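In: Okay, here's the prediction I keep looking at, along with the sequence it came from:
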Amino acid sequence: MPTPHRYQLQPYAGPKSRFSCPGCKEPRCFTRYVDTETGEQLPDEYGRCDREANCGYALSPYTRPAGGGLSYATATERGERPAAASVAIRKARPAPAPAAVLSIPPEVYQATLTRYEHNNLALLLCQHFGLGVTAELLQRFGLGTSTYWPGACVFWLVDEQGRARGGQVVLYDAGGHTVKEPRRHTTWAHTALAHQFERRGQPLPSWLTEYDQHGQKSPCLFGLPQLASAPPTQPVALVESAKTAIIATPYSSRYVWLATMGLSYLTPERLEPLRGRRIVLFPDAGAYAAWNSRADELRRQGFDVRVSQDLEKMATEEERSAGLDLADVLLREWPGYPPNWDERAEA
């Protein structure tokens, strides 16, 4: 069947099918038009930038120049020379001024990196991996201890600059499951801090008031600081839960394990620090279709990403309904840690 238009945007066929934008100059974000009859690409200026919010460059071969004349498509069909394209290019919208980065003060974040004997998740890690590996994991991921609920932990969301941009407080039971009775025991770190000030009858510090009003709950992936020391060729494994990222690390050191903290956070913006790396998504059982759909979107944005079906294949229908995750499998099948792992803690 004939195509409705001879000139169409080039379908995504890997990073090499995306180019530098003539407007914002960003690499691998520009989709060029191709001639469907000849397979040839149109001149460099014809295409669309993927960064619609920050750039907005778009030039169609069917658009007539602002100063008059024929469009590229019409002129080509008539065998005439197209008018200069520059007069028809829609100017890129200026990028908005970057918003102030709100973060948790370092002294607040650092004060939680202790008291692991009162941290249920830290105790679970010791039980399964021993003291040495647990100490490495606590340092690698900057796991915090919260007093909001006795035994709770804090998953700090630290960005590439080392700023604690947010955190999630979770209370686990002895088996590593989130406590859900009488209600689900999860909250955000800034919310827990605000409640503590209110309980003591103290006013909120100005930074907390501003963060509560304007801060992002989950502005980045969990575990990002690991990228600073990871070779560029080391692939990244993405899971939903921060607990799963921690537990999977000693089990498979082939990957840099990071967590999205929720399917809604699996976006190109949050994955930008991973651009250029190989990415493998490990969705919870029953969530493969949703993650695969997000992966398609990420590939269109130039990310090298695939989705693992391992958990989906091994899970029962009941486990899919319950949202079995990789940590559940690893914890129940882990045979026990070698004794020499404890020696690493004493060295």
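Out: Great, that's in hand. Quick caveat, the model's predicted, so the values are computed rather than measured.

In: Leaving out the residues flanking it, which one is nearest to Tyr57?
Out: Gly23 (3.2 Å; Cβ to Cβ, 6 or more residues apart in numbering). Quick note: C-beta positions are derived from backbone N, CA and C, even for glycine.

In: is it true that that neighbour touches Cys55?
Out: Yes: counting by Cβ atoms under 8 Å, Gly23 touches Cys55, with 5.2 Å between them.

In: How is Thr76 assigned, secondary-structure-wise?
Out: helix (DSSP: H, G, I helix; E, B strand; the rest coil).

In: what's the spacing between it and Thr31?
Out: 20 Å (Cβ to Cβ, to the nearest Å).

In: The residue nearest to Glu117 when sequence neighbours are not counted: how many residues sit nearby?
Out: In space, and not counting its chain neighbours, Glu117 is closest to Leu123: 7.4 Å by Cβ to Cβ, 6+ apart. Leu123 has 17 neighbours, counted by other Cβ atoms under 10 Å.

In: Next: Pro43.
Out: Residues within reach of Pro43, counting by other Cβ under 10 Å, total 13.

In: Which strand or helix spans Thr249?
Out: Per DSSP states H and E, Thr249 falls inside helix 242-251.

In: how far out from the middle of the chain is that helix?
Out: From the chain centre to the centre of helix 242-251 is a distance of 16 Å (Cα atoms, centre = their mean, to the nearest Å).

In: Lowest mean pLDDT among the helices and strands, pick that one out for the protein.
Out: Lowest on mean pLDDT, DSSP states H and E among the helices and strands of the chain sits helix 340-346, with a mean of 57.

In: related to what we said a few turns ago, how near is the residue nearest to Tyr57 to Gly56?
Out: With Cβ to Cβ as the criterion, Gly23 and Gly56 are 7 Å apart.

In: out of these two, which sits in the busier spot?
Out: Gly23 (23 against 18).

In: Only the buried residues of the lengthiest helix in the chain, if you could.
Out: For the chain, the longest helix by residue count, based on DSSP state H, is helix 120-141. Using 16 or more other Cβ atoms under 10 Å as the test for burial, helix 120-141 gives 120-126, 128-138, 140-141.

In: Low-confidence bits of this protein, can you list those?
Out: 1-4, 53, 66-68, 83-99, 334-347 (pLDDT under 70).

In: could you pull out the helices for it?
Out: 72-77, 106-111, 120-141, 189-199, 206-214, 242-251, 268-271, 288-300, 310-314, 317-322, 326-333, 340-346.

In: what's near enough to touch Asp325?
Out: 239-241, 244, 284-285, 311 (Cβ atoms under 8 Å, 6 or more residues apart in numbering).

In: Who wins on neighbours among the residues you listed?
Out: Val239 (29 neighbours).

In: Skipping adjacent residues, who's closest to it in space?
Out: Using Cβ to Cβ, 6+ apart, the closest residue to Val239 is Phe282 (4.9 Å).

In: That neighbour: neighbouring residues, count only.
Out: 24.

In: Quick one: residues contacting it.
Out: 237-239, 244, 248, 308, 310-311, 326.

In: do the same with Gly166
Out: 104, 156-157, 188-190, 215-220.

In: now do Leu331
Out: So Leu331 contacts 124, 128, 175-176, 247 (Cβ under 8 Å, 6+ apart).

In: let's go with 6 Å and repeat that
Out: Going by Cβ atoms under 6 Å, 6 or more residues apart in numbering, Leu331 touches Gly176.

In: how near is it to Leu324?
Out: Leu331 is 11 Å from Leu324, by Cβ to Cβ.

In: Then Leu311?
Out: Leu311 is 7 Å from Leu324, by Cβ to Cβ.

In: Ok, Val158 next?
Out: Following Cβ to Cβ, the distance that separates Val158 from Leu324 is 28 Å.

In: quick one, which of these two is more surrounded?
Out: A side-by-side neighbour count of Val158 and Leu324, using other Cβ under 10 Å, places Val158 first with 23 against 19.

In: The more buried one bridge partners, please.
Out: Ala164 (DSSP bridges).

In: just checking, it touches Pro225?
Out: Yes: between Val158 and Pro225 there is a contact under Cβ atoms under 6 Å: 5.4 Å.

In: re earlier: identify the contacts common to Leu311 and Leu324.
Out: With Cβ under 6 Å, 6+ apart as the test, Leu311 and Leu324 both reach Ala285.

In: the domain parsing of this protein - what is it?
Out: 1-98, 106-346 (automatic domain parsing).

In: residues in contact with the closest residue to Pro283 other than its chain neighbours?
Out: Of all residues not flanking Pro283 in the chain, Trp291 sits nearest, at 3.8 Å (Cβ to Cβ, 6+ apart). Neighbour list for Trp291: 281, 283, 307 [criterion: Cβ under 6 Å, 6+ apart].
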